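Participant: structure for this input, please:
(4 chains)
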Protein chains: 2
Amino acid sequence: MLERTPMNASAKPHRAADHSRQGRSGQPLHEGQNRFVSIWGEMGSSWGIPRTMAEVHALLYIVGQPLNTDQIMERLSISRGSASMSLKSLHDWGLISRVHKRGDRKEYYRAEQDVWQVFRIITRERKRREIDPVLMALHDCRDLTGPRRPQDAGDEQVESHNERLDRMIEFIELIDSLADQFVSPAGKGLQLAVGLLGKAV
Amino acid sequence: MLERTPMNASAKPHRAADHSRQGRSGQPLHEGQNRFVSIWGEMGSSWGIPRTMAEVHALLYIVGQPLNTDQIMERLSISRGSASMSLKSLHDWGLISRVHKRGDRKEYYRAEQDVWQVFRIITRERKRREIDPVLMALHDCRDLTGPRRPQDAGDEQVESHNERLDRMIEFIELIDSLADQFVSPAGKGLQLAVGLLGKAV
DNA sequence: ACCCTGTTTCAAATATTTTTGAAACAACTA
DNA sequence: TAGTTGTTTCAAAAATATTTGAAACAGGGT
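Facilitator: Reported below is the predicted structural model:
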């Protein structure tokens, strides 16, 4: 969450060298890309996404062009294994796609460029992996203190417990269905809401 | 993020004993509370909140009554230091408040009971600590490749880089202002949006 | 089949985060 | 002031998460 001192900064084999080279006027661009990568990595890690995975995604997004594993390793100074794992996760999420170049055996990867789509994907995954299971667990939990069981009728403690649980479940279900709207193929949900909200408040 | 095997499960001094006692009909309630605490702790840790802090919050929310440090330690089998730190964080966030009981030197803590308010507070804090700094950093980053600098005019690379950056910044600013609406004292923002959305889609 | 190039896997190494517990502190009381 | 009770702090210990790197694998060529 804080600094970014590489685990192993020495220039060993298997690791890409760092680049103190490059002296054209492409410098501010390059520096801008690096900055973006750092910001995104930092942000990712504070939202529970491994920093390196976020950095790989940031690099592919900001470069705009497909890159291969070696280019990513070199640019980010990360190991082959780490690059491979990050790319796999990003691909599983649907945030990047594989690209083949004719006459090149290497795989290239391109990031989704539509920002709305990027956040739709992230929302979809987090909902699926984090919100939905919680909701299921909360319903199980609610079942423990029963659907207004006779013997509890009048048990003030149980009743207020159930009320608290119900309020929480209801709220999370609301968020959940909002996320559904945003994620849905129609997908204009949030944009619409924003428009309406802008006028209404 | 996964299991929940206590760091130190042995019954040493300074640690609250675990309770295999309790045999009244208050059992399902007690079990329901425990379940809720686990779910919330799990959820918190997948959202970047220390598990224990989330568990303390969950306990105070679901119990509904103010509890003191020793009761929390015992119920959650955590150390005094951990309890104190979690309570401090929760208090800093504004999710719990201190309560004094006459004739008792101990501090008691009560959780905010309004679910909407709870999520408004969480939104406010995350926005302040995570979104706003990112936005500032992104603007700095954007400045590196300048405000349509003359020498870059026609540099296709720089121009498309700036476009990508601008799209991202614009999106995050949108989210940021949505969060503002939700957090705002008027505070009916999201409820309103939900209503409108429900009808409009 | 063997060699070459590129990719994936996964146990071990490393880094990061969280928790503990004992000491320092604070606020009363006698 | 010394004693008592409750709270906070923080360095060290423990737990968790991430990264590495070498070996296994995959798919062409030849």
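
Participant: and stretch A:117-135, how far from the chain's centre?
Facilitator: With C-alpha atoms, centre = their mean, to the nearest Å as the basis, the distance from the averaged C-alpha position of stretch A:117-135 to the chain average is 9 Å.

Participant: list the buried residues of it.
Facilitator: Along stretch A:117-135, the positions that meet the burial threshold by neighbour count (16 or more other C-beta atoms under 10 Å in any protein chain shown) are A:118-127, A:131, A:134-135. Yep, even glycine has a C-beta here, placed from its N, CA and C like the rest.

Participant: farthest-separated two in the residues you listed?
Facilitator: Within the buried residues of stretch A:117-135, two members stand farthest from each other by C-beta to C-beta: A:118 and A:135, at 24.5 Å.

Participant: find the closest residue to DNA strand D in chain A.
Facilitator: For chain A, the residue positioned closest to DNA strand D under C-beta to the nearest atom of the strand is residue A:81, at a distance of 1.9 Å.

Participant: what helix or strand is that residue located in?
Facilitator: Using DSSP states H and E, residue A:81 sits in helix A:80-93.

Participant: which other helices and strands does that helix contact?
Facilitator: If you count contacts as 3 or more C-beta pairs under 8 Å, 6 or more residues apart in numbering or on different chains; DSSP states H and E, helix A:80-93 packs onto helix A:51-63, helix A:69-76, strand A:96-100, strand A:107-111, helix A:115-126.

Participant: what's the most buried one of the ones you listed?
Facilitator: Mean neighbour count, computed with mean count of other C-beta atoms under 10 Å in any protein chain shown, is highest for helix A:51-63 among the helices and strands packed on helix A:80-93, reaching a mean of 24.

Participant: kindly export it (C-alpha atoms) in PDB.
Facilitator: Extracted in PDB, the C-alpha atoms of helix A:51-63 (Å, rounded to 0.1, in the frame of the first residue of the first chain):
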ATOM      1  CA  ARG A  51      -0.200  -4.200  -7.400                       C
ATOM      2  CA  THR A  52       1.600  -5.800 -10.200                       C
ATOM      3  CA  MET A  53      -1.600  -7.000 -11.800                       C
ATOM      4  CA  ALA A  54      -2.900  -3.400 -11.700                       C
ATOM      5  CA  GLU A  55       0.400  -2.100 -13.100                       C
ATOM      6  CA  VAL A  56       0.300  -4.500 -16.000                       C
ATOM      7  CA  HIS A  57      -3.200  -3.400 -16.700                       C
ATOM      8  CA  ALA A  58      -2.200   0.300 -16.500                       C
ATOM      9  CA  LEU A  59       0.700  -0.200 -18.800                       C
ATOM     10  CA  LEU A  60      -1.400  -1.900 -21.400                       C
ATOM     11  CA  TYR A  61      -4.200   0.700 -21.100                       C
ATOM     12  CA  ILE A  62      -2.000   3.700 -21.300                       C
ATOM     13  CA  VAL A  63       0.300   2.400 -24.100                       C
END
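
Participant: and it, what's its mean pLDDT?
Facilitator: Average pLDDT, helix A:51-63: 98.

Participant: sorry, back to before: the helix holding residue A:81 versus helix A:69-76: what angle between them?
Facilitator: With axes from the mean of the first three to the mean of the last three C-alpha atoms, to 10 degrees as the criterion, the two stretches helix A:80-93 and helix A:69-76 enclose an angle of 110 degrees.

Participant: go ahead and flag the most central residue of chain A.
Facilitator: Centroid-nearest residue in chain A, with C-alpha atoms, centre = their mean: residue A:122, separated by 4.7 Å.

Participant: for it, give me its contacts.
Facilitator: By C-beta atoms under 8 Å, 6 or more residues apart in numbering or on different chains, the contact set of residue A:122 is A:93, A:95.
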